[in-house]
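J.: Okay, sequence plus prediction incoming.
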Amino acid sequence: ALAVAAGKPNAADLAAEHARPESEAELREGQLVRGYVKDVSMRGVFVSLSRHVDGFVGISNVSDAFVKVEDLSDTLPVGQLVVGRVLRREGRSGGLLPLSLRRSQVEGGEFKSELTFDDLHPGKLVTGVIRRVVDFGIFVRLAGTACSIRLDALCH
């Protein structure tokens, strides 16, 4: 939130809001960040957040819509300013900061971390989409999971 005096943002608050991170330790899961596309590969997009911090957007986190790998460099050319959200680090100790550019994760209200297997416990209420019905049960794709994780459940 920006401090507003007489309808104008405070310059110090603006500077803090748009400061470039000196290290990954300054960033937390769910935080919005901005940076410039540094490189595009077949696996995703490398984003420079500052001189000291780089991020990586995996192909599944580039867009909510399907993007062909061949079209990725046209969709996100090197040098383009992007706004992304910091994702869960999944036990990583080094490497690039995981980011998402998906509109559904960047725009709107409060950030909700994606559902992982460790988040599930008896009694937890979850939503999902029925994928298949067979004689021995129903396969359900749990909502709120990352494309790379795809938690499916078998209901008897």
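T.: Structure's in. What do you need? Residues are numbered from 1 along each chain as shown.
J.: For the residue of the chain most remote from its centre, give its distance to residue 42.
T.: Seen from the C-alpha centroid of the chain, the residue lying at the greatest distance (Cα atoms, centre = their mean) is residue 135, 37.3 Å away. Noted for residue 135: a distance of 41 Å to residue 42, by Cβ to Cβ, to the nearest Å. (C-beta placed from N, C-alpha, C; glycine too.)
J.: Repeat that for residue 26.
T.: 30 Å.
J.: could you give me the average pLDDT of stretch 60-79?
T.: For stretch 60-79, mean pLDDT rounds to 85.
J.: Tell me the secondary structure of residue 34, please.
T.: strand (DSSP: H, G, I helix; E, B strand; the rest coil).
J.: Quick check: closest non-adjacent residue to it.
T.: What sits nearest to residue 34 in space, not counting adjacent residues and going by Cβ to Cβ, 6 or more residues apart in numbering, is residue 83, at 4.9 Å.
J.: My read is that the one you found contacts residue 105, right?
T.: No. If you go by Cβ atoms under 8 Å, residue 83 and residue 105 don't touch, sitting 10.7 Å apart.
J.: Neighbour count: the two, which is higher?
T.: Of the pair residue 83 and residue 105, residue 105 is the one with more neighbours under other Cβ atoms under 10 Å, namely 19 against 12.
J.: could you say which helix or strand contains that one?
T.: In the assignment (DSSP states H and E), residue 105 maps to helix 103-106.
J.: cool, and residue 73?
T.: Element membership for residue 73, per DSSP H and E: helix 72-75.
J.: And the next helix or strand after that helix, what's buried?
T.: Using DSSP H and E, the next helix or strand after helix 72-75 towards the C-terminus is strand 81-86. Neighbour-count burial for strand 81-86, with 16 or more other Cβ atoms under 10 Å as criterion, is recorded at 82, 84-86.
J.: Contact partners for the most centrally placed residue in the chain?
T.: Centroid-nearest residue in the chain, with Cα atoms, centre = their mean: residue 100, separated by 2.8 Å. Neighbour list for residue 100: 57, 61, 84-85, 87, 106 [criterion: Cβ atoms under 8 Å, 6 or more residues apart in numbering].
J.: quick one: it and residue 132, what's the gap?
T.: Applying Cβ to Cβ, the value for residue 100 to residue 132 is 28 Å.
J.: what does the helix holding residue 73 rub up against?
T.: With Cβ under 8 Å, 6+ apart as the test, helix 72-75 has contacts from 40, 44-45, 59, 62-63, 67.
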